[in-house]
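# no FASTA, just this:
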């Protein structure tokens, strides 16, 4: 069962974490101009991370992988407005310098700082602004909400929350509303817990949660070169180290997945130009891979996303995706439910009130559930409708 998420929580809900943010003049779009943010633990951490599989990844991805191997990261510095991606050796050098400045601010080693950049690709970091911004940040245990605001790009609102499990807290924040599609974490995510967690178990837990949350989320079918999810565990809550055999192991894994699913759904709700969250459920699949594959196809069907935007109960868009998916089905057993209404079964249309169903589809959440009749595997994923506003946002994003 999912644990309850407190939407007022943030990464600094966990003991021993502080955060802060400033406006350094890097982000020139949007109403909320915070654009440089710092999250740090007051003590050493164990850390887990997942990164984009985009082959042309950003400088921060390379730097973070190196720092995870040679250091003991306990902080991350983030900027919005410039992705520092496709910037060559200069981009790598700049990212390393940013970690050095943040480390000096905190009094730790540069290898103990991770770095993330998000925004326009192909632009160099404005290093004078980055340095001034880092020097101006004043981290605080109350700074989690500001951190969540500062990492936004085209997001219309911050996305953050926290979960209590046992005597511990897990908090987190994400950014992302466009260029989002499963191929790792599909955005930036920063999670922090005051539980003491063994590193290999921490990594397995994060990777599994990403697969069941962020990797079943899509806005537009594109994968960013900067995608990163990081989970810090600093042990400030005391107690014995949580390993795979610990009595709290299952509860901890449940907490991580619950928070990641919550944050994934918040990103889908805030998809560029979105007016509706779409939740896709696939049941009766032959394998989990089949179920996940079909969810991903649903989330990227522009015909289906457009029908949802127009509150058009055209269930043919759904069965067409099933038919072209290549996943195993038992055709006589296939069913389709739209907003809880059965629209297709026994290989033919079901009897339903199309006008009433269209009214249901005008709500802010639309559910689509299908049963394939081919097995017992299932998966749930999230997307959003496709509006004219999406085109407008991305036509003007750079210019």
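It's in. Computed from a predicted model, the values in this text were never measured in an experiment.
# got the buried residues for whichever strand or helix holds residue 294?
Under the criterion of DSSP states H and E, residue 294 resides in helix 288-299. Neighbour-count burial for helix 288-299 flags 290-299 (criterion: 16 or more other Cβ atoms under 10 Å). All C-beta spots, glycine's among them, are computed from the backbone N, C-alpha and C.
# residues near the closest residue to residue 306 other than its chain neighbours, how many?
In space, residue 306 comes closest to residue 386 once its chain neighbours are excluded; the distance is 5.1 Å by Cβ to Cβ, 6 or more residues apart in numbering. The local packing of residue 386 (other Cβ atoms under 10 Å) involves 26 other residues.
# go on, residue 6?
Residue 6 is flanked by 16 other residues according to other Cβ under 10 Å.
# Please report how far it lies from residue 259.
10 Å (Cβ to Cβ, to the nearest Å).
# any common contacting residues for the two?
Common contacts of residue 6 and residue 259, defined by Cβ atoms under 8 Å, 6 or more residues apart in numbering, comprise 161-163.
# Nearest to residue 312 among those residues?
Nearest to residue 312 among the shared contacts of residue 6 and residue 259 is residue 161, at 32.9 Å by Cβ to Cβ.
# Taking the buried residues of helix 288-299 together, which two end up most distant?
Within those, 290 and 299 form the most distant pair, 15.3 Å apart (Cβ to Cβ).
# my read: the residue nearest to residue 306 touches residue 303, true?
No - the pair formed by residue 386 and residue 303 falls short of the contact definition of Cβ atoms under 8 Å, at 9.1 Å.
# quick revisit: take the shared contacts of residue 6 and residue 259 and keep only those in helices.
Counting by DSSP state H, no part of the shared contacts of residue 6 and residue 259 is found in helices.
# will you turn those residues into JSON lines that also has neighbour count and distance to residue 343?
Listed next are those as JSON lines, based on neighbours: other Cβ atoms under 10 Å; distance: Cβ to Cβ, whole Å:
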{"residue": "161", "neighbour count": "24", "distance to residue 343": "34"}
{"residue": "162", "neighbour count": "26", "distance to residue 343": "38"}
{"residue": "163", "neighbour count": "26", "distance to residue 343": "36"}
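# Next, format those residues as JSON lines and append distance to residue 214 and pLDDT.
Shown next, in JSON lines, are the shared contacts of residue 6 and residue 259 (distance: Cβ to Cβ, whole Å; pLDDT from 0 to 100):
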{"residue": "161", "distance to residue 214": "14", "pLDDT": "98"}
{"residue": "162", "distance to residue 214": "18", "pLDDT": "98"}
{"residue": "163", "distance to residue 214": "16", "pLDDT": "98"}
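# Just the ones of those in strands?
Cross-referencing those against strands under DSSP state E gives 161-163.
# in the chain, which ranges drop under the pLDDT threshold?
Applying pLDDT under 70 to the chain flags the ranges 1, 29-32, 177-186, 219-224, 271-273, 387-399.
# How is it partitioned into domains?
Residue ranges for the domains of the chain, per automatic domain parsing: 11-269, 277-395.
# most tightly surrounded among those domains?
Most buried of these by mean neighbour count (mean count of other Cβ atoms under 10 Å) is domain 11-269; its value is a mean of 22.
# And that one, how far out from the chain middle?
Relative to its parent chain, domain 11-269 has a centroid offset of 10 Å by Cα atoms, centre = their mean, to the nearest Å.
# Which phi and psi values does the nearest residue to residue 111 once chain neighbours are set aside adopt?
Among residues not flanking residue 111 along the chain, residue 71 sits closest, at 2.9 Å (Cβ to Cβ, 6+ apart). Dihedral angles of residue 71 (phi, psi; degrees, to the nearest 10) stand at phi -120, psi -170.
# Residue 366 is in what secondary structure piece?
Going by DSSP H and E, residue 366 is in strand 365-371.
# tilt between that strand and helix 288-299?
140 degrees (axes from the mean of the first three to the mean of the last three Cα atoms, to 10 degrees).
# Show me what strand 365-371 packs onto, helices and strands only.
strand 277-285, helix 316-324, strand 335-338 (3 or more Cβ pairs under 8 Å, 6 or more residues apart in numbering; DSSP states H and E).
# which strands and helices sit next to the first one?
When contacts are defined as 3+ Cβ pairs under 8 Å, 6+ apart, strand 277-285 packs onto helix 249-269, helix 288-299, strand 365-371, strand 377-384.
# now those in CSV, with distance to residue 99?
Shown next, in CSV, are the helices and strands packed on strand 277-285 (distance: least, Cβ to Cβ, whole Å):
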stretch, distance to residue 99
helix 249-269, 25
helix 288-299, 34
strand 365-371, 40
strand 377-384, 33
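# which residues touch residue 139?
With Cβ under 8 Å, 6+ apart, residue 139 has these contacts: 18-20, 38-40.
# What separation is there between the residue nearest to residue 306 and residue 278?
10 Å.
# Overlap in contacts, the two.
Contacts common to residue 386 and residue 278, judged by Cβ under 8 Å, 6+ apart, are 305, 308.
# now the helices for the protein?
For the chain, the helices defined by DSSP H cover 59-70, 88-106, 127-136, 144-150, 199-212, 249-269, 288-299, 302-309, 316-324, 354-360, 388-395.
# and the nearest residue to residue 217 once chain neighbours are set aside, what is it in contact with?
Leaving aside its sequence neighbours, residue 217 sits nearest to residue 264 (Cβ to Cβ, 6+ apart; 4.5 Å). By Cβ under 8 Å, 6+ apart, the contact set of residue 264 is 174, 213-214, 216-217, 382.
# Swap in 6 Å and give it another go.
213-214, 217, 382 (Cβ atoms under 6 Å, 6 or more residues apart in numbering).
# Point out the ones among these that are inside strands.
residue 382.
# And the contacts of residue 264, which two are furthest apart?
The span of the contacts of residue 264, defined through Cβ to Cβ, is set by 214 and 382 at 9.7 Å.
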